[in-house]
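Trainee: predicted model follows, preceded by the sequence.
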Amino acid sequence: MFDPSLCLIEFSSIAAGIQAADAMVKRAPIDVIQAGTVQPGKYLVLVGGLTADVEESLAAGREVGGEAILDIVYLPQVHPGVAEALRGNRSPEPADALGVLETTSVAAAIRGADAGLKGAEVRLVEVRLADGLGGKGVVLFSGMVADVEIAVALGVAALERPAQLLRQVIIPQLHKEMWDNLSQATRFRDRVAA
């Protein structure tokens, strides 16, 4: 879907986001475009394809989006686990530890997830983006404690500004009932409606 490259632009304006998305698909042939609104009134544009085409598309998005751009992530060699998570796939099997990276933006969460997966032997339990989170991003890593610590540290280091990090936690030996909750869904509404 996003092989080998992807970029995401996060806009503060829905109108500017739609205009920029149009410019992005007109500038270069891209394999995938996903665009739409998220809370709280942001517009996201995610494109994937060949590296040169994604770079051209990103350049068009920057030109047209201008001051309405909140954050950008560009991954010329995105980790396959990130692409799977963006498709909605989850990997919630219990492990020795859980690492949580909570960011102020969707782009920052994707950037952190990619860095953590590339640098440590961990699984990506889930990447939650924007909706139901007030525009934030949450990345959940699982694995051995030392590996989860490395993944979270790399995810934090990949953030472009310290203010993008809301919180990072590593939980060794997460309780079985919490793993059960995480394996079903991380969204509370989904848990109580089941």
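Mentor: Thanks, I have the structure now. Residues are numbered from 1 along each chain as shown.
Trainee: for the spatially most central residue of the chain, give me its contacts.
Mentor: Note on the chain: the residue nearest the mean C-alpha position is Ile110, at 2.6 Å, using CA atoms, centre = their mean. The contact partners of Ile110, taken as CB atoms under 8 Å, 6 or more residues apart in numbering, are Leu8, Val73, Leu75, Val82, Leu86, Val127, Leu129, Gly137. For glycine as for every other residue, the C-beta is placed from the backbone atoms N, C-alpha and C.
Trainee: redo the residues you listed as TSV? Include distance to Leu50.
Mentor: What follows is these, written out as TSV (distance: CB to CB, whole Å):
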residue	distance to Leu50
Leu8	17
Val73	17
Leu75	13
Val82	17
Leu86	18
Val127	23
Leu129	24
Gly137	26
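Trainee: which strand or helix spans Gly116?
Mentor: Using DSSP states H and E, Gly116 sits in helix 106-119.
Trainee: what about the helices in this protein?
Mentor: For the chain, applying DSSP state H gives helices covering 14-27, 51-65, 80-86, 106-119, 145-157, 176-184, 188-193.
Trainee: rank those by pLDDT, which is bottom?
Mentor: Among those, helix 188-193 has the lowest mean pLDDT, at a mean of 66.
Trainee: for Ile170, which residues are in contact?
Mentor: Ala97, Leu98, Gly99, Val100, Val145, Val148, Glu149, Val152.
Trainee: one more time with 7 Å, if that's ok
Mentor: Ala97, Gly99, Val145, Val148, Glu149, Val152 (CB atoms under 7 Å, 6 or more residues apart in numbering).
Trainee: quick one: the first one from Ala107, how far?
Mentor: So the one you mean is Ala97. Distance, Ala97 to Ala107, using CB to CB, to the nearest Å: 26 Å.
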